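Chemist: Fold the following and give me the result.
(2 chains)
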There are 2 protein chains.
Amino acid sequence: MDAHLLTAREAAGLLATGGLTSEALVADCLDRIAAEEPRIGAFVYLDPQLALAQARAADARGRPGCLHGLPVGVKDILDTADMPTARGSALFEGRRPTLDAACVAALRRAGAVILGKTVTTELAYSSPGRTRNPRDPSRTPGGSSSGSAAAVAAAMVPAALGSQTAGSLIRPASYCGVVGYKPSHGLIRLDGVSPIAPTSLDTLGILARAAADLPLLAEALGIPMGPAAGGDGGPGAALRVGVCQTEAWTAAAPESRAAVLEAADRLSRGGARVGEEGERFDGLGEAQREVMAFEATRAFSSLLPKERERLSPQFRDLLAKGEATPPSAYAQALALRDRARARLSVVFGRFDVLLTASAPGEAPEGLLSTGDSALNRIWTLLGVPCLSLPCAKGPHGLPVGVQLVGPAGADGMLLAAALFVEEVLLG
Amino acid sequence: MDAHLLTAREAAGLLATGGLTSEALVADCLDRIAAEEPRIGAFVYLDPQLALAQARAADARGRPGCLHGLPVGVKDILDTADMPTARGSALFEGRRPTLDAACVAALRRAGAVILGKTVTTELAYSSPGRTRNPRDPSRTPGGSSSGSAAAVAAAMVPAALGSQTAGSLIRPASYCGVVGYKPSHGLIRLDGVSPIAPTSLDTLGILARAAADLPLLAEALGIPMGPAAGGDGGPGAALRVGVCQTEAWTAAAPESRAAVLEAADRLSRGGARVGEEGERFDGLGEAQREVMAFEATRAFSSLLPKERERLSPQFRDLLAKGEATPPSAYAQALALRDRARARLSVVFGRFDVLLTASAPGEAPEGLLSTGDSALNRIWTLLGVPCLSLPCAKGPHGLPVGVQLVGPAGADGMLLAAALFVEEVLLG
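Modeler: The predicted structure is shown next:
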């Protein structure tokens, strides 16, 4: 059996019922990694013996949590007590945390095997790591959750943790052709996570190969599922979908525009009530940049000059932008967000979910940039849950995702809607 | 001038108007520390040259924040990029964080001089450090914020940061005869803070020598002040004070009982409307213990056996209690808290603030225990803001505090009420 091809939910089912041992699954994933890693470069740290030891311990425990024995990749900005955590930065080279990040501890408690640490861009910002896109190694996998998205896409591991401050989960999910989920802001504790903009933006999330995997991992992470669908009849036949282009639509290439319109058409034919939502959220993309830079400058204010020299020019530019952003501009950006949230609550009276593009288009060529987060910044600033489903192909046959957006706190409704949407688009 | 005797607000006023330089104030505090530290042992790390360099930099900046040039002590569970942070634990000996804790960064942004790191009990739990009570060095200063309370009481520094998970701010404030303030739970980010029970209990707070110092430091820390007083007429003549003994009253020695009753009497004569509140919050003391142990076990789940051996027996007992607490018991404890919160909201319809004991009595003799947090656990679990004012003396002439408790999120109202109460009791 090619166990590494199982989705997280399929694997968890077999692990729970004894149809598969964790050791066999992890060994198969390690074989896959041995074959693919030289081409992809998804892991920054992987100790096969440590992974196998965790798997054997899970098999021996025989007291399964919901992730009993399931291997999960973990982005290297998350502290792990048994593996180095260098955060993609020369500044933290050789760093060995004593405690697991709260989210890593939660996965372990649910029985997961922490397979290894996946490549992150420098400090989860824009300076790329060495990971290549498994669909075309001449192209970027996206970032900052580069290794997590690539490892899941290359079937090295069924699921992985990532994070998003601008577009770091949804964009690489779209580029690599996997499912990406950014929960509502503030639902998962950030203890043991390298910060960029922890107060307003930083959000942990999940990369997997099917929408049905997400509830399992969300449960292990303790993400509250919130109220059920607000529509009449709940998700399914009556799902109300608003196609929302926003001010960022100019960044969407023809393949992303086509993917959204095609998805809208198929959802309509599949029984959803699809309409157009004209709200543009003007100014929120730039507001997100200001909030990110302002909070990053504060999070890294204690760096010494000689430590700053070890940052990339991109990260230094971010801190310089934050230095140049007065508190009044930060407050204005948050006020703009708050007014947009008020309008958004009206929008979510009309629609259960919004449908928009996940990324500008196919993954761009080259590894010097991880691509453009224009289509993600608005939603990250609004703090709403977002989900990318791989459902289309671009002109080079590479994946193109569409993005579903739900109301803040209604993560369970969004995950349920995603199952329906996935069924209609891919089933 | 004995600058070290100034309160934080007095010092900040002089620093802002040029009546005092930060260098002069810091130098005077350092002289005081040189004289008192051998007897007290409040600091675990203090580099006079580093403190003076910060002070000179503040003087040179000439762009005062609200704490411009003010020296502040910082409990050693808070990360500092320029000082070691061993968290009172052999496990973290020699640890040098790269980034400041978010609260330390906030103080620096407001212009504060981080004077040094104050002694904490091991990991902010119960195994004592070497600090002695400045009012009587044969007695404990209380804990876990032992060094912060002692340093402020001994006039080594006008204010210091501490933290509370059970009674770690209010109790040492009472024992050392200073003002202690635990904000509402969840208002200050815990990035860079050693955890015990971060989800439900851990709260940063302030130790100072006057209630009027608290708004200044709260502003620097970004603590939202919440709504104003709910009573008719606001704090002052119409302040509605409920004397609330709770189930923990059996732990209160005669001097603490007398301090509360005397304070109630004087407040009544001073114009407050004082009544009795019969709510006992039965079971919340034990519920707090279960929540603390359960969350601590999860926060420290990644420790290896050889690392656990470097913990004190007390801390190992805490983790063992957490291991033995099933998730159902944790959920029941939180449900008990939630029902008590519902009753408390009714109580706060009758009263603006509650008045109760801060600690069982005078600081106990000896340094092997930091005393009993029975009178604090209920309030910490409820997440409400608490404040201790030194207003009485016990049978040995040592300080005894009274505690004011406000509604969650109404920190500004509680701080305003404290000014009135301090004026009536000490003015």
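Chemist: List the residues that contact the residue nearest to residue A:126 when sequence neighbours are not counted.
Modeler: Leaving out its chain neighbours, the residue that sits closest to residue A:126 by CB to CB, 6 or more residues apart in numbering or on different chains is residue A:314, at 4.7 Å. No exception for glycine: its C-beta is placed from N, CA and C like everyone else's. By CB atoms under 8 Å, 6 or more residues apart in numbering or on different chains, the contact set of residue A:314 is A:122, A:125, A:126, A:127.
Chemist: pretty sure the third one is in contact with residue A:144, am I right?
Modeler: If I follow you right, that is residue A:126. Yes - counting by CB atoms under 8 Å, residue A:126 does reach residue A:144; the two are 7.4 Å apart.
Chemist: between those two, who's got more neighbours?
Modeler: residue A:144 (34 against 20; other CB atoms under 10 Å in any protein chain shown).
Chemist: Residue A:201 contacts residue A:381, doesn't it?
Modeler: Yes - applying CB under 8 Å, one finds residue A:201 in contact with residue A:381, separated by 6.8 Å.
Chemist: quick one: the strands in the stretch 101-250 of chain A?
Modeler: Counting by DSSP state E, counting those that start in this stretch, the stretch 101-250 of chain A has strands at residues A:113-118, A:159-164, A:179-182, A:203-208, A:240-244.
Chemist: Turn those strands into JSON lines, columns for mean neighbour count, distance to chain B and mean pLDDT.
Modeler: Listed next are these as JSON lines, based on neighbours: other CB atoms under 10 Å in any protein chain shown; distance: least, CB to the nearest CB, whole Å; pLDDT from 0 to 100:
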{"stretch": "strand A:113-118", "mean neighbour count": "28", "distance to chain B": "10", "mean pLDDT": "98"}
{"stretch": "strand A:159-164", "mean neighbour count": "30", "distance to chain B": "14", "mean pLDDT": "98"}
{"stretch": "strand A:179-182", "mean neighbour count": "30", "distance to chain B": "20", "mean pLDDT": "98"}
{"stretch": "strand A:203-208", "mean neighbour count": "28", "distance to chain B": "14", "mean pLDDT": "98"}
{"stretch": "strand A:240-244", "mean neighbour count": "23", "distance to chain B": "32", "mean pLDDT": "98"}
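Chemist: quick one: contacts for the residue sitting nearest the centre point of chain A?
Modeler: Ranked by distance to the mean C-alpha position of chain A (CA atoms, centre = their mean), the top residue is residue A:169 at 2.7 Å. By CB under 8 Å, 6+ apart, the residues touching residue A:169 are A:145, A:162, A:163, A:180, A:181, A:182, A:203, A:205, A:206, A:207, A:386, A:388.
Chemist: Now the common contact residues for residue A:201 and residue A:381.
Modeler: In contact with both residue A:201 and residue A:381: A:288, A:291, using CB under 8 Å, 6+ apart.
Chemist: what does the stretch 251-400 of chain A put close to chain B?
Modeler: A:298, A:299, A:300, A:301, A:302, A:303, A:304, A:307 (CB under 8 Å from any CB of the partner chain).
Chemist: from those residues, which ones fall inside strands?
Modeler: Using DSSP state E, no member of these sits in strands.
Chemist: From the residues you listed, keep the buried residues only.
Modeler: Neighbour-count burial (16 or more other CB atoms under 10 Å in any protein chain shown) is assigned, among those, to A:298, A:299, A:300, A:301, A:302, A:303, A:307.
Chemist: pLDDT at the third one, what is it?
Modeler: Looking back up the chat, that one is residue A:300. Looking at residue A:300, its pLDDT is 96.
Chemist: Excluding chain neighbours, what is closest to it?
Modeler: residue A:319 (6.1 Å).
Chemist: quick one on the thing from earlier: and residue B:284, which of the strands of the stretch 101-250 of chain A is closest to it?
Modeler: When those are compared by CB to CB, strand A:203-208 sits nearest residue B:284, at 31.8 Å.
Chemist: who does that closest one pair up with?
Modeler: In the sheet containing strand A:203-208, its partner strands are strand A:159-164 (antiparallel), strand A:179-182 (antiparallel), by DSSP bridges.
Chemist: hmm, back to that, so of the residues of the stretch 251-400 of chain A next to chain B, which ones are in helices?
Modeler: Of these, the ones assigned to helices by DSSP state H are A:298, A:299, A:307.
Chemist: correct me, but the last one touches residue B:99?
Modeler: No - here residue A:307 lies out of contact with residue B:99, judged by CB under 8 Å, at a distance of 9.8 Å.
Chemist: gap between the residue in the stretch 1-150 of chain A that chain B sits nearest to and residue A:397?
Modeler: Closest approach between the stretch 1-150 of chain A and chain B, counting by CB to the nearest CB: residue A:81, at 3.4 Å. According to CB to CB, to the nearest Å, residue A:81 stands 42 Å off from residue A:397.
Chemist: low-confidence ranges in the stretch 301-427 of chain A?
Modeler: Under the criterion pLDDT under 70, no range of the stretch 301-427 of chain A is flagged.
Chemist: And the pLDDT for residue A:230?
Modeler: Looking at residue A:230, the pLDDT reads 49.
Chemist: nope, residue A:109 is what I meant
Modeler: Value for residue A:109, per-residue pLDDT: 94.
Chemist: who are the neighbours in contact with the residue in the stretch 301-427 of chain A positioned nearest to chain B?
Modeler: Among the residues of the stretch 301-427 of chain A, residue A:302 lies closest to chain B, at 3.4 Å counting by CB to the nearest CB. By CB under 8 Å, 6+ apart, residue A:302 lies in contact with B:80, B:81, B:82, B:98, B:99, B:100, B:104, B:105, B:108.
Chemist: My guess is residue A:83 contacts residue A:117. True?
Modeler: Yes - using CB under 8 Å, residue A:83 is in contact with residue A:117, at 5.4 Å.
Chemist: Give me the common contacts of these two.
Modeler: Contacts common to residue A:83 and residue A:117, judged by CB under 8 Å, 6+ apart, are residue A:45.
Chemist: picking up where we left off before, quick one: the residue of the stretch 1-150 of chain A closest to chain B from residue A:151, how far?
Modeler: For residue A:81 relative to residue A:151 (CB to CB), the value is 21 Å.
Chemist: More neighbours: which of these two?
Modeler: Higher neighbour count among residue A:81 and residue A:151: residue A:151, with 37 against 22, using other CB under 10 Å.
Chemist: Which residue ranges make up the domains of chain A?
Modeler: Following automatic domain parsing, one gets these domains for chain A: A:3-220, A:240-280+A:342-426.
Chemist: most neighbours per residue, which of those?
Modeler: domain A:3-220 (a mean of 24; mean count of other CB atoms under 10 Å in any protein chain shown).
Chemist: quick one: which two of the contacts of residue A:314 are the most distant?
Modeler: Within these, A:122 and A:126 form the most distant pair, 7.7 Å apart (CB to CB).
Chemist: Quick check: neighbours shared by the two?
Modeler: With CB under 8 Å, 6+ apart, residue A:122 and residue A:126 have common neighbours A:314, A:315.
Chemist: What residues of stretch A:306-325 count as buried?
Modeler: A:307, A:311, A:312, A:315, A:318, A:319, A:321, A:322, A:325.
Chemist: Distance of the nearest residue to the third one once chain neighbours are set aside relative to residue A:378?
Modeler: Sequence neighbours aside, residue A:127 is the residue nearest to residue A:312 in space, at 3.8 Å (criterion: CB to CB, 6+ apart). Counting by CB to CB, the gap from residue A:127 to residue A:378 is 24 Å.
Chemist: again with residue A:332
Modeler: 16 Å.
Chemist: I figured residue A:163 was touching residue A:202, is that so?
Modeler: Yes - counting by CB under 8 Å, residue A:163 touches residue A:202, with 6.4 Å between them.
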